[in-house]
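K.L.:
Dropping the sequence and predicted coords here.
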Amino acid sequence: DGGITQSPKYLFRKEGQNVTLSCEQNLNHDAMYWYRQDPGQGLRLIYYSQIVNDFQKGDIAEGYSVSREKKESFPLTVTSAQKNPTAFYLCASSMRETRLTDTQYFGPGTRLTVL
Amino acid sequence: AQSVAQPEDQVNVAEGNPLTVKCTYSVSGNPYLFWYVQYPNRGLQFLLKYITGDNLVKGSYGFEAEFNKSQTSFHLKKPSALVSDSALYFCAVRDADNFNKFYFGSGTKLNVKP
């Protein structure tokens, strides 16, 4: 899992609550990403960020928000507007988003369950 | 549009036998292809990538992948499977128009039996 940490590992939320998932990297990577993983569906991109104070929506951004105030950190907030938030969330980073050869490195993931 | 397909949800092999996990791709330009492995409740680990050059790419843990342009395939292979290779494998392609986007297949569960 490299130098990317995600916390908590497991998270339980009541309906109507917002929760924030943490992602920190010490790889000095510029780009960071959030994915959602559901069984049998592969990974879907939620948000990504190329540099500090900038981020872009991915394919399934509705009901989620992010911030990128520091290079090392890219927290994801799952809001009450997300209708089906129960999933496994993966954070990733890569050196430079403009280089096609760069590989993404993934954190260990956070499993979110809505009760 | 870019996409990858993994036609098999599950692959079963006996330990010591060769294994193949299939991936086909669809891209509008040059393909930039990746293989990742995921163990239960863990993040994805990078195995190997194809950018350009030799069609046979060697990666981590004895895995290799064969790029076939005419068949638009990028199958993952290993000559002799280990029980510890049992995991979920993902093929991915990078979007050449938007470098930030990786498109992942739905994953193939590899079961290696002793």
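P.N.:
Cool, got the structure.
K.L.:
can you give me the helices in chain B?
P.N.:
Counting by DSSP state H, chain B yields no residue ranges for helices.
K.L.:
And the residue of it closest to chain A?
P.N.:
residue B:43 (3.6 Å; CB to the nearest CB). For every residue, glycine as well, the C-beta is placed using N, CA and C.
K.L.:
what pLDDT does that residue get?
P.N.:
Reading off the confidence values, residue B:43 has pLDDT 88.
K.L.:
And the residue of chain A that's closest to chain B?
P.N.:
residue A:106 (3.6 Å).
K.L.:
Tell me who's in contact with that residue.
P.N.:
A:1, A:2, A:4, A:90, A:91, A:92, B:36, B:43, B:44, B:45 (CB atoms under 8 Å, 6 or more residues apart in numbering or on different chains).
K.L.:
got a pLDDT number for it?
P.N.:
pLDDT at residue A:106 comes out at 93.
K.L.:
Tell me what it is bridged to.
P.N.:
residue A:92 (DSSP bridges).
K.L.:
Would you mark the buried spots in stretch B:59-72?
P.N.:
B:59, B:63, B:64, B:65, B:66, B:67 (16 or more other CB atoms under 10 Å in any protein chain shown).
K.L.:
Could you report the neighbour count for residue B:25?
P.N.:
With neighbours defined by other CB atoms under 10 Å in any protein chain shown, the count for residue B:25 comes to 22.
K.L.:
measure it to residue A:49 for me?
P.N.:
Residue B:25 is 26 Å from residue A:49, where distance means CB to CB, to the nearest Å.
K.L.:
again with residue A:4
P.N.:
From residue A:4 to residue A:49 the distance is 14 Å (CB to CB).
K.L.:
centre of the chain versus the helix or strand bottoming out on mean pLDDT in chain B, how much separation?
P.N.:
Taking mean pLDDT, DSSP states H and E as the measure, chain B has strand B:102-104 as its least confident helix or strand, at a mean of 89. Distance of strand B:102-104 from its chain centroid, counting by CA atoms, centre = their mean, to the nearest Å, is 12 Å.
K.L.:
Sounds good, over and out.
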